[in-house]
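Visitor: Model the structure of this input:
(one chain, ligands or ions: 1)
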Amino acid sequence: MSILELTAVELGKRIKTGQVTVEEAVQASLDQIKKAEQKVNAFVTVDEEGALRRAEEVQKKINRGELRGPLAGVPAALKDNLCTKGLLTTCCSKILYNFVPSYTAEAVLHLERAGAVILGKTNMDEFAMGSTTETSAYGETRNPWNLDHVPGGSSGGSCAAVAVNECFYALGSDTGGSIRQPSSFCGVTGFKPTYGTVSRYGLIAYGSSLDQIGPVAKDVTDCAAILEAIASYDPKDSTSIRREDNRFTEALVDEVRGLRIGIPRDYFGEGLNPQVRDTILGAADVLRQKGAIVEEFDLSLVEYGVPAYYVIASAEASSNLSRFDGVKYGYRSPSYKDLYSMYKKSRSEGFGPEVKRRIMLGAFVLSSGYYDAYYVKAQKTKALIKRAFDQAFQSFDVILAPASPDTAPRLGQSLRDPIQMYLGDIYTISANLVGLPGLTVPCGTDSSGLPIGMQLIGDCFQEKKLIRAGFAFERSRCYQGPAMAKELEQSTPNPYVGEASSAQGSIWEKGGK
Ligand code: GLN
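Guide: This is a model prediction of the structure:
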């Protein structure tokens, strides 16, 4: 087995025993990035020099016994909405095309303390608004399972990078499904923790009451280890929660006897691709055979999740994005008459169409004439959805559902009809509205070979139950990435070698709009 095929935890073990050096692992990732990027476009910035320097430093610390954790020396990537000191952070928007933060996100600092080597930043929908990674100013990411299809979004770069072995794991963010849905489309494992578990300090905000950072990796073991490293109470994030039960790897036990798993009938009706339905129900059977109690139930209110989410997320986005005005940082229009026209032109030229749509929608639902009719109503709907989940969790430990109604659509198919795209979020957004943890685990492919992931949703702070169910399921199969990952690894570098590393610094060079 080559280095690149190892999971993060397996690689960590080999580094510890000296079978693999940190530099070898980093170099293997950088080589794979150089080969894959022309096809996949998962990275927007590759910090080759920084990663190699850091590899040396981490290796020394491991040798001295100062770094002993499971992730020490393992190369990772970060979604481009996580601030990294000294390293370009753009949210894949022209408006932040030159933003180099003066500080690093708290979650990333925790990873660094655990010995991570950061390879670079991954592509995403502009400001995390989207479900396909096509609204990025750097151009779309392609799905390594089939390059004519999207990787999902908005953390599509992180998920595609893990799938094609450009990194051993990545961080993403999930406001309405952006870790869980692209994980399903790319055949990787993605975990959105309970709201408040991972500090949002240094995560460029989209919908602050919904955003959570989480891991994307090859299996549940990796996700548990990464979450354990990044979960922390942080006084710099006023919504951060002090939790005592952060030892997530303790839940990696292959035992689900007696675990009560609920299948919401409302998630399996009209609009769900029958191949996705059958695959997810097949996964439920695997857990049943292992001793879990699997039952169907009615969750209710499912159809109200999408409208409530888009009202709340857009309202928060319109407020959060008001800071990008061309004054303090980011893009400023080169020609303007006065202060007002400078704001107007900078924002008009700096934001893409999807972001503008959300800002306008958000400003509309918050305006005095419509606040009660839309925003307050959406908040009330959210409270009702929470009640429905509270009730469900009186009978069940875990809810098992699809992560998306379909497998990855073709490139260009979704953006033609934004409302249709929004409806595709139906199975993931409720967890954000209510703050619940959700885990996507690959469980099969459709007839054209595109991956399908099942989503496990738990009550607040019940990540361990999800880890247990996901881990037990995963024992019944072994991780398989796309054929492309192996083919690329065995190929000789193409004539464009080096291109990826020169992406840093210029959004224009890589096809920015
Ligand atoms: N697709 C959803 C949206 O566009 C979710 C995005 C996310 O989770 N960041 O808002």
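
Visitor: So for Ala503, what's the pLDDT?
Guide: As predicted, Ala503 sits at a pLDDT of 42.

Visitor: Point out the residues in the chain that sit beside the ligand.
Guide: For the chain, the residues in contact with the ligand (Cβ under 6 Å from any ligand atom) are 128-131, 154, 174-178, 206, 313, 425. Every residue, glycine included, has its C-beta placed from N, CA and C.

Visitor: mind listing which of those residues are in helices?
Guide: Ala313 (DSSP state H).

Visitor: ok, of the residues of the chain next to the ligand, which come out buried?
Guide: Among these, the ones that count as buried by 16 or more other Cβ atoms under 10 Å are 128-131, 154, 174-178, 206, 313, 425.

Visitor: What are the boundaries of the strands in this structure?
Guide: Using DSSP state E, the strands of the chain run over 43-46, 75-79, 117-122, 169-174, 189-192, 212-217, 260-264, 293-297, 398-402, 438-445, 451-458.

Visitor: I'd like these written out as CSV, with mean pLDDT added.
Guide: Below are these laid out as CSV (pLDDT from 0 to 100):
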stretch, mean pLDDT
strand 43-46, 98
strand 75-79, 98
strand 117-122, 98
strand 169-174, 98
strand 189-192, 98
strand 212-217, 98
strand 260-264, 98
strand 293-297, 98
strand 398-402, 98
strand 438-445, 97
strand 451-458, 98
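
Visitor: What are the boundaries of the helices in the stretch 201-350 of the chain?
Guide: With DSSP state H, counting those that start in this stretch applied, the stretch 201-350 of the chain shows helices at 220-230, 274-289, 305-320, 339-350, listed in chain order.

Visitor: Include distance to Arg247 when you put the buried ones among the residues of the chain next to the ligand into CSV, please.
Guide: Putting those into CSV (distance: Cβ to Cβ, whole Å) gives the following:
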residue, distance to Arg247
Ala128, 29
Met129, 35
Gly130, 35
Ser131, 33
Ser154, 30
Asp174, 22
Thr175, 27
Gly176, 29
Gly177, 27
Ser178, 26
Tyr206, 30
Ala313, 32
Asp425, 32
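
Visitor: Looking at those, spot the one nearest Lys35.
Guide: Ser154 (25.0 Å; Cβ to Cβ).

Visitor: quick one: contacts for the closest one?
Guide: 124-125, 128-131, 133, 173, 175, 178, 182 (Cβ atoms under 8 Å, 6 or more residues apart in numbering).

Visitor: Give me the phi and psi for the nearest residue to it once chain neighbours are set aside.
Guide: Sequence neighbours aside, Asp125 is the residue nearest to Ser154 in space, at 3.7 Å (criterion: Cβ to Cβ, 6 or more residues apart in numbering). With angles defined as degrees, to the nearest 10, Asp125 sits at phi -60, psi 150.

Visitor: what about Asp125, neighbour count?
Guide: 31 (other Cβ atoms under 10 Å).

Visitor: and it, what does it touch?
Guide: 92, 131-136, 153-154, 156, 178, 354.

Visitor: I'd like to know which of those is nearest to the ligand.
Guide: Closest approach between the contacts of Asp125 and the ligand, by Cβ to the nearest ligand atom: Ser178, at 2.9 Å.

Visitor: how close does that closest one get to Val117?
Guide: In this view, Ser178 and Val117 are 24 Å apart by Cβ to Cβ, to the nearest Å.

Visitor: Just list the residues touching the residue in the chain sticking out farthest from the centre, thanks.
Guide: In the chain, Lys337 marks the outermost C-alpha relative to the chain mean, sitting 40.7 Å out by Cα atoms, centre = their mean. By Cβ under 8 Å, 6+ apart, no residues touch Lys337.

Visitor: Now Val150: closest residue in space that isn't a chain neighbour?
Guide: Thr132 (4.0 Å).

Visitor: how much space between the nearest residue to Thr249 once chain neighbours are set aside and Thr407?
Guide: Leaving aside its chain neighbours, Thr249 sits nearest to Ala224 (4.8 Å; criterion: Cβ to Cβ, 6+ apart). Distance, Ala224 to Thr407, using Cβ to Cβ: 26 Å.

Visitor: Neighbour count: the two, which is higher?
Guide: Applying other Cβ under 10 Å to Ala224 and Thr407 shows that Ala224 carries more neighbours, namely 30 against 25.

Visitor: Surely that one and Asn246 touch.
Guide: No. Counting by Cβ atoms under 8 Å, Ala224 does not reach Asn246; the two are 10.7 Å apart.

Visitor: For the closest residue to the ligand within the stretch 301-450 of the chain, give me the pLDDT.
Guide: Nearest residue of the stretch 301-450 of the chain to the ligand: Asp425, at 4.8 Å (Cβ to the nearest ligand atom). Looking at Asp425, its pLDDT is 96.

Visitor: what's the answer for Lys510, then?
Guide: 46.

Visitor: can you count the residues close to Ser348?
Guide: 11.

Visitor: Look up how far the ligand lies from Trp248.
Guide: One thing to correct before we go on: residue 248 is Phe, not Trp. Separation of Phe248 from the ligand (Cβ to the nearest ligand atom, to the nearest Å) stands at 22 Å.

Visitor: got a pLDDT number for Thr492?
Guide: At Thr492, pLDDT is 78.

Visitor: From here on, call the first residue 56.
Guide: I'll keep to 56 as the first residue from here, and by that count the last item is Thr547.

Visitor: and it, how many neighbours?
Guide: 6.

Visitor: same check, this time on Tyr364
Guide: Considering only other Cβ under 10 Å, Tyr364 is surrounded by 27 other residues.

Visitor: out of everything not next to it in sequence, what's closest to Ser355?
Guide: Closest to Ser355 by Cβ to Cβ, 6+ apart is Ala443, at 5.2 Å.

Visitor: Using PDB, write out every CA atom in the helix or strand of the chain with the lowest mean pLDDT.
Guide: Least confident helix or strand of the chain, by mean pLDDT, DSSP states H and E, is helix 473-478 with a mean of 90. The C-alpha trace of helix 473-478 is given here as PDB (Å, rounded to 0.1, in the frame of the first residue of the first chain):
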ATOM      1  CA  PRO A 473     -31.100  28.200  -7.700                       C
ATOM      2  CA  ILE A 474     -34.400  27.300  -6.100                       C
ATOM      3  CA  GLN A 475     -34.000  23.700  -7.200                       C
ATOM      4  CA  MET A 476     -30.400  23.800  -5.800                       C
ATOM      5  CA  TYR A 477     -31.700  25.100  -2.500                       C
ATOM      6  CA  LEU A 478     -34.200  22.200  -2.300                       C
END
